[in-house]
Every structure is written in structure tokens, then in C-alpha cells.
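Enquirer: generate coordinates for the sequence data below:
(chains A and B)
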Amino acid sequence: MVLGNDASSSSLSNKNLSVLVVDDDPLIRMLHDNYLKHFGLKPLVVENGKEAVDLFQLGTSFDLILMDKEMPIMNGVEATKALRDMGATSMIVGVTSRGSPSEMQAFMEAGLDFCFEKPLTFDMIDFILKELNVNDDDDTNN
Amino acid sequence: MDRNRLQHQVACMRRSLFDQGYLDEPFIQLEELQDDANPNFVQEIVTLFYSDSARLIQNIEHALNSRPIDFDKLDDYMHQFKGSSSSIGAKKVTNECTVFREYCSAENAEGCIRSFQQVKQEYAILRRKLEVYLQMVRQAAVSRTA
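Expert: Residues are numbered from 1 along each chain as shown, chains lettered A, B, ... in the order given. A predicted model of the protein is given here:
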């Protein structure tokens, strides 16, 4: 798989990106944490949408948020809406095991930039990071 | 045992786990994340999967024994189980979870009970095979550094 090489070659440019992983499943948190580290990132990891919103209210911002959909206390849809309502400009990527088009559409409408079905793959992360780096370049040029 | 023979056995067993459909692509990603800085990553993730699964299986059994059956709750539990199974590449387990969820959305209690037996069976088979495989991987690693 070519992505391994892509991951290592882009790890330097990814170093300054701040990432938040939001998922109630400890296995998924550990997986996504390690996937992102493989790409040179150092993610922060929280267990539900409310913790993500609380972080934002404390003034913490992130370039990228990986948001699970089904979580207790505050789910991904609610958290995404809340973050957008508070003015969050992070790239928010939904990650869900519920793959029906209508469910993903509802999640997108909450304010996601992209939505992927679990499990995340290296391809998906590579795509997300390329989009992020493109956005960063656009901001620099403006 | 001879190191080369051990490594050959590990490779054969790994290939058969994929060829027979027990594992698929996400497991390869786990293996790619294992390195000198993270030498036990696959075992750690698989161990988490076992404890996740044990909890969810217990929850599902309890929900199936309740009267009336709460199909929404059942679906939630199985959705979580399917999520973690698919994330480690447990292909047959994931497929059986999908079948269960179809019975669940049809509120077919008997279908749920039957398919849950299949889920548990596939999970038990996978767990046995993974335990043997990962033990062989550890033995091969030790023999390499011996």
C-alpha cells in the first residue's frame, strides 16, 4: 500500500495541526489516536460531544475534529451543531458505524465537512489531511 | 523450534485467516501501526476488543432475556459491537452483526436469538484463532532476537 510512504512524507507538514478525537468507545479512541500518530499528529482524545464542546468553550480550538455520531451525554450531531453555533471553524469529520445515506445526510447537515463510515482507513485520513493542508495554503494566500 | 519454520508457520496462519474470511483490511492497518515504538499494538487493540465484546455480549444477552424486548436498545448494543468488530477487521463477526441488526429492525425476536448465537459462535472462533496466531507471532519475535 502506497499510503505508508505518503503518511511518512507528509508527517512534517502535519506536525503543527491540532486534532481532537471524540468517541465513546475506548477501542476506537485508541485506534484513531494511533492512526493519527502514524501521520505525525498528536491528537487529544475525549469521550463524548459535551467534552468537545466544553473544550471549545474554554478557548481551545482545533484544526481537525474526528466526531463519532453515537455517544452518550451529547452525541455527534448535537456536538457538531453546538460547535458550529459557537463559531467553530475547525474541519469536523463525522465517523459513524451507521452507514445509511439518510443517517449520514442528517449528520452532514449538523455542520460536518465530511462524513465517513467506520472503520477509518489510512486512505481516508490521507484525504482529510490533504484537504486540511489545502485549506491552510488557501488561508495563507488570501 | 527453528526460527525460519516458526516465521513460515506465522505467515501461513496469517494468510489463512485472511483467505478464510476471518480478517480483512483493517487488521492490516493495525499491523502497520506496530513498530519498535509500539511493539505490542496489535495485542493491545485485540485485548481491548475482547473486553469490549464481553461487555456488549453480556448487555445483548440481558436485553434478549428482558420482556418485552427493547429492540432499540438491542440495536444500539449490536451497533457498537459491529463498530468495534469492523474496526479491527473481524469480517465474519461483522457480517453476523449485520444479520442480527436486520432481525432487530424487523423486531423479530426469534431471528435475533438465532442470529445472536451465530454472532457469539463467530466471535469465539475468531478469538481462539487470534490467540493462537498472536502467540505464534510472539514466539517468532522472541526467536528472532534470541
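
Enquirer: is the lengthiest helix in chain B in proximity to chain A?
Expert: For chain B, the longest helix by residue count, based on DSSP state H, is helix B:109-145. No: contact of helix B:109-145 with chain A is not found when judged by Cβ under 8 Å from any Cβ of the partner chain; the minimum separation is 14.2 Å. C-beta here means a position set from N, CA and C on the backbone, and glycine is covered the same way.

Enquirer: other SSEs contacting that helix?
Expert: Helix B:109-145 sits against helix B:3-19, helix B:41-65, helix B:71-88, helix B:91-105, with contacts defined as 3 or more Cβ pairs under 8 Å, 6 or more residues apart in numbering or on different chains; DSSP states H and E.

Enquirer: pick the most deeply packed of these.
Expert: When neighbours are counted by mean count of other Cβ atoms under 10 Å in any protein chain shown, the highest per-stretch mean among these falls to helix B:71-88, a mean of 22.

Enquirer: briefly note if that one comes near chain A.
Expert: Yes: contact of helix B:71-88 with chain A is found when judged by Cβ under 8 Å from any Cβ, involving B:Asp76, B:His79, B:Gln80, B:Lys82, B:Gly83, B:Ser84, B:Ser86, B:Ser87, B:Ile88.

Enquirer: ok, the fourth one touching A:Pro119?
Expert: Which is B:Lys82. No: in terms of Cβ atoms under 8 Å, B:Lys82 does not count as a neighbour of A:Pro119; the distance is 10.7 Å.

Enquirer: low-confidence ranges, the chain, go.
Expert: Since you didn't name a chain, this refers to chain A. Applying pLDDT under 70 to chain A flags the ranges A:1-15, A:98-99, A:134-142.

Enquirer: should've been chain B
Expert: Counting by pLDDT under 70, chain B contains low-confidence ranges at B:1, B:144-146.

Enquirer: residues in a beta bridge with the residue nearest in space to the middle of chain B, which ones?
Expert: To find the centre residue of chain B, average its C-alpha atoms and take the closest one (Cα atoms, centre = their mean): that gives B:Ala90, at 4.4 Å. Beta bridges link B:Ala90 to B:Leu23, judged by DSSP bridges.

Enquirer: residues in contact with the helix or strand where A:Met108 lies?
Expert: A:Met108 belongs to helix A:101-109 when elements are defined using DSSP states H and E. Around helix A:101-109, the neighbours that count as contacts under Cβ atoms under 8 Å, 6 or more residues apart in numbering or on different chains are A:Lys69, A:Gly76, A:Val77, A:Thr80, A:Gly94, A:Thr96, A:Arg98, A:Cys115, A:Glu117.

Enquirer: following that helix, which helix or strand comes up?
Expert: Taking DSSP H and E, what comes next after helix A:101-109 is strand A:114-117.

Enquirer: does any part of that next one sit near chain B?
Expert: No: judged by Cβ under 8 Å from any Cβ, strand A:114-117 stays clear of chain B, getting no closer than 8.9 Å.

Enquirer: list the buried residues for that strand?
Expert: A:Cys115, A:Phe116, A:Glu117 (16 or more other Cβ atoms under 10 Å in any protein chain shown).

Enquirer: wouldn't the last one be in contact with A:Gly94 here?
Expert: No: when contacts are counted by Cβ under 8 Å, A:Glu117 is not listed as touching A:Gly94 (9.5 Å).

Enquirer: before we move on, the earlier item: want to try CSV for the helices and strands packed on helix B:109-145, with distance to A:Asn16 as columns?
Expert: As requested, those are exported to CSV (distance: least, Cβ to Cβ, whole Å):
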stretch, distance to A:Asn16
helix B:3-19, 37
helix B:41-65, 25
helix B:71-88, 28
helix B:91-105, 36
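
Enquirer: relative to A:Arg84, which of these is closest?
Expert: Ranking those by proximity to A:Arg84 (Cβ to Cβ) places helix B:71-88 first, at 24.8 Å.

Enquirer: could I get the CA-only coordinates of the closest one as CSV?
Expert: Output of helix B:71-88 as CSV, limited to C-alpha atoms (Å, rounded to 0.1, in the frame of the first residue of the first chain):
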residue,chain,number,x,y,z
PHE,B,71,-35.3,-3.7,20.2
ASP,B,72,-33.9,-0.1,20.1
LYS,B,73,-31.6,-0.9,22.9
LEU,B,74,-30.6,-4.2,21.3
ASP,B,75,-29.8,-2.5,18.1
ASP,B,76,-27.7,0.1,19.9
TYR,B,77,-25.6,-2.6,21.6
MET,B,78,-25.2,-4.6,18.4
HIS,B,79,-24.4,-1.4,16.5
GLN,B,80,-21.5,-0.8,19.0
PHE,B,81,-20.4,-4.4,18.6
LYS,B,82,-20.5,-4.2,14.8
GLY,B,83,-18.5,-0.9,15.0
SER,B,84,-15.6,-2.4,17.0
SER,B,85,-15.6,-5.7,15.1
SER,B,86,-15.4,-3.9,11.8
SER,B,87,-12.7,-1.5,13.1
ILE,B,88,-10.3,-4.4,13.8
